[in-house]
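Trainee: quick one, structure for this:
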Amino acid sequence: MTDVPDALGGMVARAGAAVPCFEFPALAESGLRHGVFTRLGGVSPAPYAALNVSFAVGDERARVMENRARAAHALGGELGRLRAARQVHGAAWRVVRCGDTPPAEAEAPPADILLCGEPGTLLLLKFADCTPLILWDAAQRWVALAHAGWRGTALNVAATAVAALVQVAGSRPEGLWAAIGPAIGRCCYEVAPAVVSAVSATGGDAERVSALGPSGRPHLDLAEANRLQLLAAGVLPGRISAAGVCTACRTDLFYS
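Mentor: As a prediction, this is how the structure comes out:
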């Protein structure tokens, strides 16, 4: 069985969690309870093993719900307070309130950015190689969770999440904390040139977000592209944490 290290890249293991997960020290110290979960600690058999929280891959619904409950409990919450979304690689956002938002098993309407200012509510998005983004306003006590694959990155999801917090919570971009979770790294992510062009069109320098791989085709750096978008949106460099972990290199810990 894979051992979960005490620290991995820019993350540390969440102490005492019933299910293995990591957190970003800067976000935790500023008051945000959060978890970056691995594929370990769930009840799903192969090929979903083990902490699969997606209904879309063919796993049994009861197992998915049990895995979601385990993740909620690891953060000190309950399944009934967990809210998710049907992710479509877009840039739509919605505000989550437990009283008027469909419960986790409904996942409707679609959204790739969830925002919440309600204490005790848990937000869940699913990731494999796509980029997880967390934005935290410690002053207003609002959080945004975003899903950014290359399509979402090309739609400037990171900046959209910042703008949404400004709109609904009165956040100041320079007051936000941000974290970029594990995603496929430039080491492994070979893409078509058109993908690099689409991503760099949002304001990122193509030379900073890509490089030629061994085959002569470009490799895309999703984490760096999203970091540049956060900076362009006004988030301060010293307030951005990055996991720096490639999911394709660490399939023992993460889905890919």
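Trainee: can you map out the strands along this structure?
Mentor: Ranges of strands within the chain are 7-8, 11-13, 21-23, 36-37, 82-83, 93-95, 113-116, 122-123, 131-137, 142-148, 177-180, 210-212, 218-220, 240-242, based on DSSP state E.
Trainee: may I see those strands organised as TSV, with mean neighbour count and distance to Pro102 added?
Mentor: Every C-beta, even on glycine, is put in place using the N, C-alpha and C of the backbone. Listed next are the strands of the chain as TSV, based on neighbours: other CB atoms under 10 Å; distance: least, CB to CB, whole Å:
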stretch	mean neighbour count	distance to Pro102
strand 7-8	14	33
strand 11-13	18	30
strand 21-23	23	25
strand 36-37	24	22
strand 82-83	22	8
strand 93-95	20	10
strand 113-116	25	12
strand 122-123	22	13
strand 131-137	26	22
strand 142-148	26	16
strand 177-180	25	26
strand 210-212	16	38
strand 218-220	23	33
strand 240-242	20	31
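Trainee: looking at these, which is nearest to Ala198?
Mentor: Closest to Ala198 of those is strand 218-220 (CB to CB; 10.0 Å).
Trainee: so Thr94 touches Glu107, yeah?
Mentor: Small correction: residue 94 is Arg, not Thr. No: with contact defined as CB atoms under 8 Å, Arg94 does not reach Glu107; the gap is 11.6 Å.
Trainee: shared neighbours, those two?
Mentor: Common contact partners of Arg94 and Glu107 (CB atoms under 8 Å, 6 or more residues apart in numbering): Ala85.
Trainee: the strands of the chain: which one's closest to Ala194?
Mentor: Evaluated over the strands of the chain, closeness to Ala194 peaks at strand 218-220, with 9.8 Å, by CB to CB.
Trainee: hmm, back to that, got a markdown table for the strands of the chain, with distance to Ala233 too?
Mentor: Output for the strands of the chain, formatted as a markdown table (distance: least, CB to CB, whole Å):
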| stretch | distance to Ala233 |
| --- | --- |
| strand 7-8 | 27 |
| strand 11-13 | 23 |
| strand 21-23 | 23 |
| strand 36-37 | 22 |
| strand 82-83 | 24 |
| strand 93-95 | 14 |
| strand 113-116 | 13 |
| strand 122-123 | 20 |
| strand 131-137 | 10 |
| strand 142-148 | 12 |
| strand 177-180 | 9 |
| strand 210-212 | 21 |
| strand 218-220 | 20 |
| strand 240-242 | 11 |
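Trainee: JSON lines for these, including mean pLDDT and distance to Val162?
Mentor: Converted to JSON lines, those look like this (pLDDT from 0 to 100; distance: least, CB to CB, whole Å):
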{"stretch": "strand 7-8", "mean pLDDT": "98", "distance to Val162": "26"}
{"stretch": "strand 11-13", "mean pLDDT": "97", "distance to Val162": "22"}
{"stretch": "strand 21-23", "mean pLDDT": "98", "distance to Val162": "21"}
{"stretch": "strand 36-37", "mean pLDDT": "98", "distance to Val162": "20"}
{"stretch": "strand 82-83", "mean pLDDT": "94", "distance to Val162": "21"}
{"stretch": "strand 93-95", "mean pLDDT": "96", "distance to Val162": "11"}
{"stretch": "strand 113-116", "mean pLDDT": "98", "distance to Val162": "10"}
{"stretch": "strand 122-123", "mean pLDDT": "96", "distance to Val162": "16"}
{"stretch": "strand 131-137", "mean pLDDT": "98", "distance to Val162": "6"}
{"stretch": "strand 142-148", "mean pLDDT": "98", "distance to Val162": "8"}
{"stretch": "strand 177-180", "mean pLDDT": "98", "distance to Val162": "8"}
{"stretch": "strand 210-212", "mean pLDDT": "94", "distance to Val162": "23"}
{"stretch": "strand 218-220", "mean pLDDT": "97", "distance to Val162": "22"}
{"stretch": "strand 240-242", "mean pLDDT": "98", "distance to Val162": "11"}
